[in-house]
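Engineer: everything below, folded, please.
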Amino acid sequence: MRSFRRSQGPDPVSPSLETMMALVCVVFVLLLFFIVRLNFTKQAGIDLVGPAPGPGENRLDPLVIRVSSAGTVHWRGARIDLSSLRHAIEDARFISPRAPLVVMVETGARASLVVRVVDQLKLTGATDIRLTMTMEESSEAS
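Structural biologist: Now for the predicted structure:
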């Protein structure tokens, strides 16, 4: 009878090559993980870039409302109550309805006050409201 011996086959892979193959597999798995994560991650933020006026388009002077770090609202250089702001903006928009509204917010101003100012501006029917930040503190906010 014939005896069947188990053949050894080709030489076993060297231990250093096994370690290298495991390292390459780990690198590929990490690479795939970062590629998948990069494609599905959304950047949170707000784009505050307004459209540039086209050629021949008249530039209107913006209606500027300032929110100071002291918690006051200023319209045309004078302090104004939040309850009066809506009517003042409606009057100004009656004269120049296409003028953009700009809210200049000083550093350190309360976000809740800025939101209430923007809400008052939206109640006037304004759609073009721009926010800007100023680094200097106002001298009128005393």
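Engineer: which parts of the longest helix along the chain are buried?
Structural biologist: Using DSSP state H to define each element, the chain has its longest helix at helix 15-40. Across helix 15-40, burial judged by 16 or more other CB atoms under 10 Å covers no residue at all. C-beta: built from backbone N, CA, C; applies to glycine.
Engineer: who does the following helix or strand past it pair up with?
Structural biologist: Following helix 15-40 in sequence order, the next helix or strand is strand 63-67 (DSSP states H and E). Partner strands for strand 63-67, per DSSP bridges, with pairing direction: strand 73-75 (antiparallel), strand 101-106 (parallel).
Engineer: chain center to the last one: distance?
Structural biologist: In terms of CA atoms, centre = their mean, to the nearest Å, the gap separating the centre of strand 101-106 from the centre of its chain is 17 Å.
Engineer: just stretch 25-43 next, same as before
Structural biologist: With CA atoms, centre = their mean, you get 24 Å for stretch 25-43.
Engineer: and what of stretch 74-85?
Structural biologist: Here stretch 74-85 is found 28 Å from its chain centre; the criterion is CA atoms, centre = their mean.
Engineer: if we can go back for a sec, and the strands paired with strand 63-67 as a markdown table, adding distance to Met133?
Structural biologist: Shown next, in a markdown table, are the strands paired with strand 63-67 (distance: least, CB to CB, whole Å):
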| stretch | distance to Met133 |
| --- | --- |
| strand 73-75 | 15 |
| strand 101-106 | 6 |
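Engineer: tell me which of those strands sits nearest to Asp81.
Structural biologist: strand 73-75 (7.6 Å; CB to CB).
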